[in-house]
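In: sequence isn't available, so here's the structure alone:
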């Protein structure tokens, strides 16, 4: 809300510079957003008015805050007010039912949406506003249009109460009927757009058709023009929820709807009308003829709340003196009556413009902020018991994060929404989870996997000349079944960096497989791989990650076509992996894990080299060995795999290191030897292996 | 005799055997000599003793010299170029938001808070209504919401919650405050928690806005919790995050779910309060919103506002990281440029 300092000073003679005033008000809850100095020492202060304080969307409201902040008296428009604020009383006819006067009949057919409607007829001569008025509007961000429209806007800015003016000649039947729109009814609004209305919208109609969308925008047909000589002025009160819904449906947000949807002052309509009438006369634009016609179906009863000093000080944690409590509330327009017994209690009557104050705690806030948060001591909450446990996912994710960092992956955080094309290869048979109102085409789909985001992050780095990229993310993925916490990793470029001693090597499948196995180890889960036909991966280098019978992730080389589609060079091999951390946790053993006693007897190592068909999987060879071996075989490691010179086509030379150990004795050579014989026999018989 | 044997010995093991045979504590030449000394008549003892010691010293010195020579022979010859680069194992780098999240969690863990996470897809009830923002509440404008095209079926109601049917999940949470409700529904007071994670708003990408960002929510409920407790807690958090001597301002504001409400500003890190573009010439930067839990929120979760009071706060982690490390573009957090990430190290 932009306010002109000189305008404010008609209401309260606040001392100091604009910057000082802005700083003081910021400490009292009206944050200064910006400050613009004008010629002649005047200034425009732009305050951020919170959504609960529609009364502060006005010069008068902000002046009231200043009066309280500085302990100064406040002048308001009225018959006895000085200077421009002087506002004679306006005769009015108030009724719960329809009201008819000279040249106008007012009726409310929808009292649930319109709590009050004041109409008044005025004879006018349309022209420009005087300079002082036009300049004030402009300073507060409102474009001057013509004297009558400017007066309605002036009252809106000054008192916070929206008004409207109709061309009397355009109102059929000299009538104002406040009613719901009929189905399919249309209205061209002041912005020139034809609007189709629905029955949950409130219209201000004449005897035949709508003239305005109530509280939102007037109609073009009844607009005040240069040739207008007679007008109907409107000061009304509309139900906030209805205004908000209508404004949203029509995609219209006006100064009027902004105030009505936050809550206008039901008692202010007649004051606003009197103020407009006084201004019209003051600037020589005409005069209101006859009485204001005030349709007021259910007059509001003021709210009175109990307040106890003990509650004030107990909630704030500071002692505010009783006279300060009374001063603050009284200055803000509350009526404060001290209760005789028990002491230090008050009955506080809430002014009608304070729509936000509904409970005693709201009064405590007023006292606290105007006494000043700077006077609050800095204390700590007392704890009466030990805190509950933290979310176990946090510790788990921390361990996975540490493991990945130690393995050289840097931590990424990507947006949880991706474009539909990026998501498509990853959501499998699930329907994608999409947004109804995405920010753009790039953010339409909730990620079914962390990989699209990570792949784009690789692309970002690749385009900036970074060829070797190792990234991971721990985050949430989405499916129609809900949320999953996952860890994703991507690796492209070198597996071991360039070094003068050599050892440079490009990343391959087994680098990322090893990383996945280590994450399994960190979580206490033995993971295995099974062939996968996921379309995002290169066939033959695509795997599902398994924990027991359960699929807990995927691993493989990204399909070059996909890499290409995301702006990565198709020639670069990109390896990707993703693990469902929830599923991994479910597969992990529960309960206490005790330390294994260290073996007390030495182990024996034997190496073996065999020639087998290269179609045999490592798992088959290892399984055959394990099945044939005595229970003293505790480890099998493939340490060489060779094809090439000296090896027949279709064969592969495998070298394995076998470790034997017994917990209760030192193994003898004979024992180990017979174990090896059994293993070799099994390899020869079952796999057709040739010992080398 | 010893000299000959010593000359013939070239290995460390051989020297060890020689040492045992000549000057070992038992059954060596020197120990036999010592036995003779002990048995000798008193007038001879002194001379013999001196001779025995001299012999022992001479053997010891000769052995030590030879042992050093043999050890030197076993060391590799030549020198490496100390200035060649080492073989550095690759270490990953932390994301700054992850560092800030951890720092905040640690700070509050030390103060006895439990650290929680919650769902990112929420229902209207937890994100808005139970936070005192019924449908058509104007404060909903403060947080432009992203909605799902089709609602997701809610998970089954947790044990111990109120008998309120779970609602379909329709939106991305606009704040971590939704976790306040979820926790209080299932746990009686007292409460002392922080909840962290991503939140979503329909904000265009620019220097200071992203449609996804991260928050840390704090909630303390119990008997006699005051606004002064909130102030003390937040000031000490600001010191933990930005260091001592950081000027902090606690000023009134508005949130529908707190009453009174307050915001915390810190003195502009860039201009130290002189006024610059970052702080819009006000000298202050807002880092969080907070307040005393609104009695209506307590009523929604079945707490008695006459029995307990509480405070809540919500901190933007991007904001903290930007101030802490002088980062002027929020989008850097989501580009994952390694040149950026590597500045944060492990």
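Out: The structure has been received and is ready for your questions. Owing to the predicted nature of the structure, the values given are computational and were not obtained by experimental measurement.
In: look at the residue lying closest to residue B:313 once chain neighbours are set aside and give its secondary structure.
Out: Closest residue to residue B:313 apart from its sequence neighbours, by CB to CB, 6 or more residues apart in numbering or on different chains: residue B:290 at 3.5 Å. In this view, the C-beta of every residue, glycine as well, is placed from N, C-alpha and C. Taken by DSSP: H, G, I helix; E, B strand; the rest coil, the conformation at residue B:290 corresponds to strand.
In: next, count neighbours for residue B:290.
Out: Here the count is done by other CB atoms under 10 Å in any protein chain shown, and residue B:290 has 24 residues near it.
In: for it, which residues are in contact?
Out: Residue B:290 makes contact with B:218, B:230, B:234, B:258, B:261-264, B:311-314 under the criterion CB atoms under 8 Å, 6 or more residues apart in numbering or on different chains.
In: ok, 6 Å please
Out: B:230, B:262, B:313 (CB atoms under 6 Å, 6 or more residues apart in numbering or on different chains).
In: got TSV for the residues you listed, with secondary structure too?
Out: Shown next, in TSV, are the contacts of residue B:290 (three-state DSSP):
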residue	secondary structure
B:230	helix
B:262	strand
B:313	strand
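In: so which of these comes closest to residue A:585?
Out: Closest to residue A:585 out of these is residue B:313 (30.4 Å), distances taken as CB to CB.
In: count of neighbours near residue 297?
Out: Defaulting to chain A. By other CB under 10 Å, 15 other residues sit near residue A:297.
In: sorry, I should have been clearer: chain B.
Out: 24.
In: ok, it to residue B:118 distance?
Out: 16 Å (CB to CB, to the nearest Å).
In: where does the chain dip in pLDDT?
Out: Unless you meant another one, I'm taking chain A. Under the criterion pLDDT under 70, no range of chain A is flagged.
In: wait, chain B was what I had in mind.
Out: B:138, B:141-143, B:157-164, B:281.
In: what residue lies at the spatial centre of it?
Out: residue B:102 (4.7 Å; CA atoms, centre = their mean).
In: quick one, strands of chain B?
Out: Ranges of strands within chain B are B:114-116, B:121-122, B:147-152, B:169-172, B:191-200, B:212-222, B:248-255, B:258-267, B:284-293, B:309-316, based on DSSP state E.
In: if I pick residue B:188, what's in contact with it?
Out: If a contact means CB under 6 Å, 6+ apart, then residue B:188 has no contacts.
In: and it, how far is that from residue A:485?
Out: Relative to residue A:485, residue B:188 is positioned 28 Å away (CB to CB).
In: what's the closest non-adjacent residue to the residue nearest to the centre of chain B?
Out: residue A:398 (7.9 Å).
In: count of residues packed around that neighbour?
Out: Around residue A:398 there are 14 other residues, counting by other CB under 10 Å.
In: for the contacts of residue B:290, which single residue is the most surrounded?
Out: For the contacts of residue B:290, neighbours tallied by other CB under 10 Å; top is residue B:230, 31 neighbours.
In: what's across from the residue nearest to that one when sequence neighbours are not counted in the sheet?
Out: Nearest non-adjacent residue to residue B:230, counting by CB to CB, 6+ apart: residue B:311, 3.9 Å away. For residue B:311, the beta-bridge assignment (DSSP bridges) gives partners residue B:220, residue B:292.
In: where along the stretch 51-200 of chain B do the helices fall?
Out: For the stretch 51-200 of chain B, the helices defined by DSSP state H, counting those that start in this stretch occupy B:96-110, B:124-127, B:178-186.
In: sorry, slip of the keys, the one I care about is the stretch 51-200 of chain A.
Out: A:59-70, A:131-139, A:147-159.
In: do the first one and chain B meet at all?
Out: In other words, helix A:59-70. No: applying CB under 6 Å from any CB of the partner chain, one finds helix A:59-70 separated from chain B by no less than 10.9 Å.
In: by contact count, what packs against that helix?
Out: helix A:5-11 (3 or more CB pairs under 6 Å, 6 or more residues apart in numbering or on different chains; DSSP states H and E).
In: mind listing what's buried along the next helix or strand after the helix it packs on?
Out: Scanning forward in sequence from helix A:5-11 by DSSP states H and E, the next helix or strand is helix A:18-27. By neighbour count on 16 or more other CB atoms under 10 Å in any protein chain shown, the buried set for helix A:18-27 is A:18-19, A:21-27.
In: which residues sit against the next helix or strand after helix A:18-27?
Out: Downstream of helix A:18-27, the first helix or strand assigned by DSSP H and E is strand A:31-37. With contact meaning CB under 6 Å, 6+ apart, strand A:31-37 is reached by A:18, A:22, A:26, A:43-46, A:48.
In: and if we set it to 8 Å?
Out: Strand A:31-37 has contacts (CB under 8 Å, 6+ apart) with A:18-19, A:22-23, A:25-26, A:43-48, B:251, B:253, B:263, B:280-282.
In: so what's residue A:96 up against?
Out: Residue A:96 neighbours (CB under 8 Å, 6+ apart): A:295-298.
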